[in-house]
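**Student:** Next one to model:
(one chain, ligands or ions: 1)
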Amino acid sequence: MIKLYYHPISFPSLSPVFAAEAMGLDYEKEVVDLQAGQQRSPEYLVINPYGKVPAMQDGDYTMAESASIMRYMARKSGSEFYPDDIQAQGEIDQWTDFVNHHIRSAVARVQFNRFVAPMLGADVDKASVTTGLGFLENNLPIIEDRLSAHNFLCGDKMTLADIALVAALEPEKTARLDLSPYPKLTAWLAARRSETFYTNIHSHFGAEMGI
Ligand SMILES: N[C@@H](CCC(=O)N[C@@H](CS)C(=O)NCC(=O)O)C(=O)O
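**Tutor:** Residues are numbered from 1 along each chain as shown. Down below sits the predicted model:
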């Protein structure tokens, strides 16, 4: 059985968890205690040598990287979220990469400095927040346009790219993101967060941490 290693406050690690739920996989999940440094334990470094969540174990086989894990699970299960057609896959890969490189990384800057750093008593980098918000201002309109033209990022059916987008925007509240300029995206997110792939995991981001 596939085992997913994750942490509920690590939004990159939620995308394979949401994907496993959406695909209806028989899988198990295990929280890696990031605050206690479990990701750097010798046992975990065997699973992911660079000590990050998420990671996946399927029998003796292990791998890391959220998008790669999603694709592995989709291929293994023949999921409709990543069809066999290489052009369909190319489009899904493009939008997954766009989300992770241009949306999620910007959200991470804001989330770290507005939420994680104050929680840990670490230095807050205000310039990084400004940079992250600037990236979001440039890139969220592209998502808004896409969701105005289609029901999902790659057309009329949900794919792995949409799951990546839901995960990327998990810190909406904790990072105090203002998504009101993007009404299509806001309605789309609310709809996705009411689906069982999401509600089976939590009611909202941070619920497991009492946030
Ligand atoms: N590119 C990776 C990012 C993974 C990542 O940055 N994980 C962070 C949590 S959000 C982590 O495990 N950090 C722990 C550490 O660096 O010690 C992916 O998409 O899977």
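**Student:** Only C-alpha atoms from now on, for both contacts and neighbour counts.
**Tutor:** Will do.
**Student:** Tell me how far Val31 lies from Pro54.
**Tutor:** According to Cα to Cα, to the nearest Å, Val31 stands 10 Å off from Pro54.
**Student:** What of Ala167?
**Tutor:** 12 Å.
**Student:** can you list the residues of the protein near the ligand?
**Tutor:** Ser10, Phe11, Pro12, Lys52, Val53, Pro54, Glu65, Ser66 (Cα under 6 Å from any ligand atom).
**Student:** please redo it, this time with the cut-off set to 8 Å
**Tutor:** Counting by Cα under 8 Å from any ligand atom, the residues of the chain close to the ligand are 7, 9-13, 34, 37, 39-40, 51-55, 64-67, 100, 108.
**Student:** ok so, going back, identify the contacts common to Ala167 and Pro54.
**Tutor:** Common neighbours of Ala167 and Pro54 are listed as Pro12, Leu14 (criterion: Cα atoms under 8 Å, 6 or more residues apart in numbering).
**Student:** which residues in the chain form strands?
**Tutor:** Taking DSSP state E as the criterion, the chain carries its strands at 2-6, 27-31, 55-58, 61-64.
**Student:** Adding mean pLDDT and mean neighbour count, write those strands out as TSV.
**Tutor:** TSV is the format used below for these (pLDDT from 0 to 100; neighbours: other Cα atoms under 10 Å):
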stretch	mean pLDDT	mean neighbour count
strand 2-6	98	22
strand 27-31	98	13
strand 55-58	98	21
strand 61-64	98	16
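**Student:** Compare these and give me the one nearest Pro181.
**Tutor:** With Cα to Cα as the criterion, Pro181 lies closest to strand 2-6 of the strands of the chain, at 31.5 Å.
**Student:** about what we covered before: Ala167 and Pro54: which has the busier surroundings?
**Tutor:** Using other Cα atoms under 10 Å, the more surrounded residue of Ala167 and Pro54 is Pro54, with 28 against 25.
**Student:** Now do the domain split for the chain, please.
**Tutor:** For the chain, automatic domain parsing gives the domain ranges 2-77, 86-195.
**Student:** Now find how far off-centre the last one is within its chain.
**Tutor:** The offset between the C-alpha centroid of domain 86-195 and the centroid of the whole chain comes to 9 Å, using Cα atoms, centre = their mean, to the nearest Å.
**Student:** Begin at 240 from now on, thanks
**Tutor:** I'll keep to 240 as the first residue from here, and by that count the last item is domain 325-434.
**Student:** residue nearest the centroid of this protein?
**Tutor:** Centroid-nearest residue in the chain, with Cα atoms, centre = their mean: Ala406, separated by 3.0 Å.
**Student:** just checking, that residue touches Leu253?
**Tutor:** Yes. Here Ala406 lies in contact with Leu253, judged by Cα atoms under 8 Å, at a distance of 5.9 Å.
**Student:** ok, now how distant is the residue sitting furthest away from the middle of the chain from Thr301?
**Tutor:** For the chain, the largest distance from the centre (Cα atoms, centre = their mean) belongs to Pro281, which lies 25.8 Å off. From Pro281 across to Thr301, the span is 15 Å (Cα to Cα).
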